[in-house]
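>>> Okay, here's the prediction I keep looking at, along with the sequence it came from:
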Amino acid sequence: MKKIFLPIFLIFVLNACTSYRALKHFNKDISYTQAVLYSKKADIVYKDVVKTIFYATFMNKVHEKYDDKYYNFVIGIYSEEETLSDYALSLNNISYEKIKDIKQDSKIYKSISLKNAWAKYYYVSFKKDKDITSILLELRDSNYKKASISFLN
């Protein structure tokens, strides 16, 4: 009987001492966890070659401080020759209202999960529409090739 209770007791004690939050071992906060959930990547491809990598993190869902009268995104673009000004960026076919460069040493850059050291990052805001349930971000180049990323509002 003792042989049965000892392993059960040890399992109970060891299990009671564990944490169920997996990211605690990576020293990341809850905002980073949310950023993982609300970050996506898409590519613009020409003849089976990736020409542009497009990253987006939906900041309204990451932390409540970003949820204001705009849909706010951290957008990352990696292209060998181009910057965001060489593309048309839209949310449900509507242009952005505000844009700001993000430096790699900024706090908001550190909170996003999809990072590329060679990409340029921007904080982009679109006017919020309460009737929208599905968000489609599109990045188009001058040749009308596009990368699309969708989120649920």
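Right, received. Where do you want to start?

>>> Quick check: the gap between residue 152 and residue 141.
Distance of residue 152 to residue 141, computed by Cβ to Cβ, to the nearest Å: 26 Å. Placement of C-beta: from N, CA and C, glycine included.

>>> The two: who's more crowded?
The neighbour comparison of residue 152 against residue 141 (other Cβ atoms under 10 Å) goes to residue 141, with 17 against 10.

>>> mind checking how far the nearest residue to the more buried one once chain neighbours are set aside is from residue 145?
Once flanking residues are discounted, residue 141 sits nearest to residue 87: 5.6 Å by Cβ to Cβ, 6 or more residues apart in numbering. Separation of residue 87 from residue 145 (Cβ to Cβ): 10 Å.

>>> out of these two, which sits in the busier spot?
residue 87 (22 against 15).

>>> Mind pulling the model confidence for the more buried one?
As predicted, residue 87 sits at a pLDDT of 91.

>>> List the residues that contact it.
52, 77, 139-141 (Cβ atoms under 8 Å, 6 or more residues apart in numbering).

>>> Most widely separated two among those?
Greatest spatial distance among the contacts of residue 87 (Cβ to Cβ): 77 and 140, at 12.1 Å.

>>> For those two, indicate the residue with more neighbours.
residue 77 (23 against 15).

>>> And the helices in this protein, which stretches?
2-16, 30-37, 59-62, 107-111 (DSSP state H).

>>> Do I have it right that residue 142 meets residue 79?
No: counting by Cβ atoms under 8 Å, residue 142 stays clear of residue 79, with 11.7 Å between them.

>>> tell me, what's touching those two both at once?
With Cβ under 8 Å, 6+ apart, residue 142 and residue 79 have common neighbours residue 86.

>>> which of those two has more neighbours?
When residue 142 and residue 79 are compared for neighbours, residue 79 comes out ahead with 20 against 9, by other Cβ under 10 Å.
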